[in-house]
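>>> Here is my input; please provide its structure:
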Amino acid sequence: AAVIVGMTFLFLRRLRSGSDGGVALLAVIGTLATGPFGAAGALVLPWLARRSVASEALLSAWYDRIALSTEQDGLTTLSDRVAIGRSANLAAPLPQPFIALFEHGPIAEQQVALGMIARSFHTGYLSALKLALDSPEPVIRVQAAAVAARIRGQLNAEIPALADRAADPTLSSSNAVDVAVQLSAALQSGLLEALEQTTATSVRSGLLARVYARLDARRRNSAAGLAVTSDPRSDRLDDTYAAYLLSHGRFDDFRAWRASARRPLHGRYRRRLVISRIAGATLRGHLVPCTVRRSHPVLR
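Numbers count the residues shown, from 1 in each chain. You can find the predicted model right below:
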């Protein structure tokens with residue numbers, strides 16, 4: 001009885017200290033059941049249950065691996081994500097644009113593209129979605145109709161946000177044209193409600209009129225040799241304004257705008273260019289041979 005009481009006391013003390021009490025518990029139970037034979041077995045049991053440290057570390061690493069409780073190195077993480085399709089495979093061929101994909105791409109890839117449009121909608125996807133709605137494949141048309149029904153509310157909710165952005169007086173011409181392009185895509189999609197369609201039409205017209213007036217003033221100041229604003233230009237802005245000039249028959253303004261697009265319009269670089277052109281015209285008028293030193297202060 002004294003032995004059992006002592007072993008029980010040691011077992012409880014081991015538990016309070018936070019140590020593993022499995023072996024001590026088995027010793028108490030074995031001694032209660034078989035007396036001294038159980039005590040002898042309890043002494044032999046730790047030696048029988050002893051395992052190498054390497055096997056314990058390997059087993060612990062495996063448990064952590066299947067439980068995803070440890071961090072992996074970057075290479076393994078990227079490899080796993082590529083294998084399960086959560087990251088792009090850099091060795092794979094380049095993805096096709098959605099427009100080309102819906103025109104002559106495989107049906108499976110078209111379905112994947114529609115899923116991406118539904119999950120991460122943007123107004124730039126509307127032209128591709130319109131092609132999917134007119135697809136000759138019935139399964140693509142059905143899935144595209146489901147996607148259109150899903151994003152209809154989100155598209156209508158974006159119109160007030162675009163209107164607020166268009167009303168910003170500090171909006172640059174390039175960004176204003178981007179907003180106008182998004183409004184045009186929303187209008188052409190046929191997914192807008194009557195109120196949102198009216199709002200988008202009026203906002204787009206007012207925004208483009210403001211951009212065209214600003215660009216007209218900039219072009220006139222540039223032609224007159226006055227200082228112009230440092231509003232950044234982009235290919236979309238140039239193409240939109242050029243199309244506007246051509247549609248209104250302003251061919252002289254169109255040629256002047258396209259010529260200005262090939263050289264800077266402000267600062268000391270424009271002044272150097274003008275002086276260089278004047279100097280070149282003077283040299284050609286006097287039939288001077290074309291041997292100009294590179295260190296010339298005007299033509300440097």
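
>>> from here on, contacts and neighbour counts on C-alpha atoms
Will do.

>>> which sections of this protein are below the confidence cut-off?
Along the chain, the parts satisfying pLDDT under 70 run over 45-46, 48-55, 68-72, 88, 95, 222-232, 260-300.

>>> Centroid-nearest residue for it?
Geometric centre of the chain, nearest residue: Ser120, 9.8 Å, by Cα atoms, centre = their mean.

>>> separation between that residue and Gln154?
As defined by Cα to Cα, to the nearest Å, Ser120 lies at a distance of 11 Å from Gln154.

>>> What does the residue nearest to the centre of the chain show for phi and psi?
Dihedral angles of Ser120 (phi, psi; degrees, to the nearest 10) stand at phi -130, psi 80.

>>> which residues of the chain fall in helices?
2-16, 22-34, 36-48, 53-67, 74-83, 98-104, 107-119, 126-133, 138-166, 173-189, 194-223, 235-247, 251-260, 268-285 (DSSP state H).

>>> can you tell which of those helices is closest to Asn89?
Closest approach to Asn89 among the helices of the chain (Cα to Cα): helix 74-83, 5.7 Å.

>>> Can you give the distance of the closest one from its chain's centre?
20 Å (Cα atoms, centre = their mean, to the nearest Å).

>>> Over to stretch 135-150?
Counting by Cα atoms, centre = their mean, stretch 135-150 comes out at 25 Å from the chain centroid.

>>> Could you list the buried residues of that stretch?
By neighbour count with 16 or more other Cα atoms under 10 Å, stretch 135-150 contains the buried residues 135, 140-141, 143-145, 147-148.

>>> roughly how far apart are the closest residue to Leu245 other than its chain neighbours and Ser172?
Leaving out its chain neighbours, the residue that sits closest to Leu245 by Cα to Cα, 6 or more residues apart in numbering is Phe254, at 5.8 Å. To Ser172, Phe254 is 21 Å away according to Cα to Cα.

>>> circling back to that earlier point, take the helices of the chain and lay them out in JSON lines including distance to Asn89.
Shown next, in JSON lines, are the helices of the chain (distance: least, Cα to Cα, whole Å):
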{"stretch": "helix 2-16", "distance to Asn89": "52"}
{"stretch": "helix 22-34", "distance to Asn89": "49"}
{"stretch": "helix 36-48", "distance to Asn89": "50"}
{"stretch": "helix 53-67", "distance to Asn89": "24"}
{"stretch": "helix 74-83", "distance to Asn89": "6"}
{"stretch": "helix 98-104", "distance to Asn89": "19"}
{"stretch": "helix 107-119", "distance to Asn89": "16"}
{"stretch": "helix 126-133", "distance to Asn89": "24"}
{"stretch": "helix 138-166", "distance to Asn89": "26"}
{"stretch": "helix 173-189", "distance to Asn89": "31"}
{"stretch": "helix 194-223", "distance to Asn89": "40"}
{"stretch": "helix 235-247", "distance to Asn89": "31"}
{"stretch": "helix 251-260", "distance to Asn89": "41"}
{"stretch": "helix 268-285", "distance to Asn89": "45"}
